[in-house]
Each structure stands twice: as structure tokens, then as C-alpha cells.
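Colleague: fold the following for me, if possible:
(chains A and B)
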Amino acid sequence: DQQVKQNSPSLSVQEGRISILNCDYTNSMFDYFLWYKKYPAEGPTFLISISSIKDKNEDGRFTVFLNKSAKHLSLHIVPSQPGDSAVYFCAASQYNNNDMRFGAGTRLTVKP
Amino acid sequence: DAGVTQSPTHLIKTRGQQVTLRCSPISGHKSVSWYQQVLGQGPQFIFQYYEKEERGRGNFPDRFSARQFPNYSSELNVNALLLGDSALYLCASSSQRATGTSLQETQYFGPGTRLLVL
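Modeller: Just a heads-up that it's a prediction; the model follows:
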């Protein structure tokens, strides 16, 4: 059962523009959400997270938005840079559950 | 500071064999989790260990087992390997396990061990 879904396998944007990566979840018990970035031959790198008590969290060029009623979160990267090109994974978990669920990932390509 | 380290980086085994993968967490981290990532999918949770005890287990068969040592390093063992076990095995560490009263701890991943079963 895929409780976390990233429906866009790939996204291509121009350098300097905004990248928006989307993620949907089905389990209403999830209350902590994370985005990881993965380069080839490396493990996922933590990018940003958000608790369900918030609807927005910002860290530099990266902002995560959470819409609990729609069970949807998104990652905004502004401005996008070629070094942002990677696979981005959305993940979700519950406070008292050690099982972190991942989406299938979105491959972002930022063109110079 | 060193991040999460895993060994070996690559491994080739044949069906029916057994494999042991190793992980050293970030210094000071007491929790280690194991994930399996097959091509085209996100990581899938296998186990979490905290203070040498199993604290969580994903939907994997009993052929998969793990343990954590007093220095918080961990081993993942897979017996009777199947072709479908070919994947990237990721280890992640965090400073504590999630509880109902504390903020979720972010997990930090190692580079993974790529296992190919022929």
C-alpha cells in the first residue's frame, strides 16, 4: 500500500525559475513530513521537514507547504540552480511510529 | 564529523547465499534504521534499532534480521537470498527514536550498499 505518492516522476525547469515538487499522502495519522534529496551513488540527504502543527516551513531557498485537509505537501525551490538537479523524495511518519514512508521520488533537472 | 558509514559499497551474491551489511551511525546517535530501495521506488523501512533493541519492523520476511552493538553500530543479515533482494540497502541514524512526547528525530542516511543477487 503506497501511502505516500509522488505522481510526477520527473520535472525540468530553467535556472532561476521556481521548482515545485508535489507529494500526496493517504494516511491521516502522519504528522511529520520530510523532503530528502538524492544524488547518484549517494544516500538521501535531509533537506527540510515540517510538523503537522504548521502549514509552512522555510529554509533559505527551500519552502515546504503542508495542506492537511487535502493531504498534500509541496516543496518550492526558488531560485532553482543547476546543482539542485537530483531525485527528491517525500517522506512521512507518525510521532510514535518508527516506520518512515517514502514516495517514489521526482527527478528534478535544472537547465542552465 | 563523519556521517553515517556503510560497508561494503557493492556486493554480488548468488541465490540462496547469505549476506551481512554493516553500518556505523553518526557519533552520538543511538538509533539505526535500515531501508531497502529497489530501482524506481523510494526507500522501504526494514528495521529500527535503539539502544540495541528492535523498536520497529517493516513488512519484510524473517529472512531479514538485524542487530545493534554496544557502540551503536549495526548489522543487517539476509538469509537465503532471492533475485528480488537485489537493491540498494540504506542505513540511517538519528539521535533518539520517535516518542509520543518529543519531536520526531530526523534520520540521516549513509551512502548505501548496493547488493546484486544473481
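Colleague: and the end-to-end length of stretch A:59-76?
Modeller: 10 Å (Cα to Cα, to the nearest Å).
Colleague: and it, what's buried?
Modeller: For stretch A:59-76, burial by neighbour count (16 or more other Cβ atoms under 10 Å in any protein chain shown) applies to A:Phe62, A:Thr63, A:Val64, A:Phe65, A:Leu66, A:Lys71, A:Leu73, A:Ser74, A:Leu75, A:His76. Every C-beta, even on glycine, is put in place using the N, C-alpha and C of the backbone.
Colleague: farthest-apart pair in these, please.
Modeller: A:Phe62 and A:Lys71 (21.1 Å; Cβ to Cβ).
Colleague: reformat the buried residues of stretch A:59-76 as CSV; add pLDDT and distance to B:Gly58.
Modeller: Shown next, in CSV, are the buried residues of stretch A:59-76 (pLDDT from 0 to 100; distance: Cβ to Cβ, whole Å):
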residue, pLDDT, distance to B:Gly58
A:Phe62, 97, 28
A:Thr63, 97, 31
A:Val64, 97, 25
A:Phe65, 97, 28
A:Leu66, 97, 25
A:Lys71, 96, 22
A:Leu73, 96, 22
A:Ser74, 98, 27
A:Leu75, 98, 25
A:His76, 98, 31
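Colleague: leaving out the residues flanking it, which one is nearest to the residue most central in space within chain B?
Modeller: In chain B, the centroid-proximal residue (Cα atoms, centre = their mean) is B:Trp34; its distance is 2.3 Å. Once flanking residues are discounted, B:Trp34 sits nearest to B:Ile46: 4.3 Å by Cβ to Cβ, 6 or more residues apart in numbering or on different chains.
Colleague: excluding chain neighbours, what is closest to B:Ser95?
Modeller: Sequence neighbours aside, B:His29 is the residue nearest to B:Ser95 in space, at 5.2 Å (criterion: Cβ to Cβ, 6+ apart).
Colleague: ok, that neighbour touching B:Ala92?
Modeller: No - in this structure B:His29 lies outside contact range of B:Ala92 using Cβ atoms under 8 Å: 9.4 Å.
Colleague: what packs against the helix or strand where B:Arg114 lies?
Modeller: Using DSSP states H and E, the element containing B:Arg114 is strand B:113-117. Contact here means 3 or more Cβ pairs under 8 Å, 6 or more residues apart in numbering or on different chains; DSSP states H and E; on that basis strand B:113-117 packs against strand B:10-13, strand B:19-24, strand B:87-94.
Colleague: tell me the mean pLDDT for that strand?
Modeller: In this model, strand B:113-117 has a mean pLDDT of 97.
Colleague: return the list of strands paired to it, each annotated with direction.
Modeller: Paired neighbours of strand B:113-117 in the sheet (DSSP bridges): strand B:10-13 (parallel), strand B:87-94 (antiparallel).
Colleague: so which of those strands is the most surrounded?
Modeller: Comparing these by mean neighbour count (mean count of other Cβ atoms under 10 Å in any protein chain shown), strand B:87-94 comes out on top with a mean of 24.
Colleague: one step back: that's a helix at the residue nearest to the centre of chain B, yeah?
Modeller: No - B:Trp34: not assigned to a helix; according to DSSP: H, G, I helix; E, B strand; the rest coil it is strand.
Colleague: residue contacts, it?
Modeller: B:Cys23, B:Phe45, B:Ile46, B:Phe47, B:Gln48, B:Ala66, B:Ser74, B:Leu76, B:Tyr89, B:Leu90, B:Cys91, B:Ala92 (Cβ atoms under 8 Å, 6 or more residues apart in numbering or on different chains).
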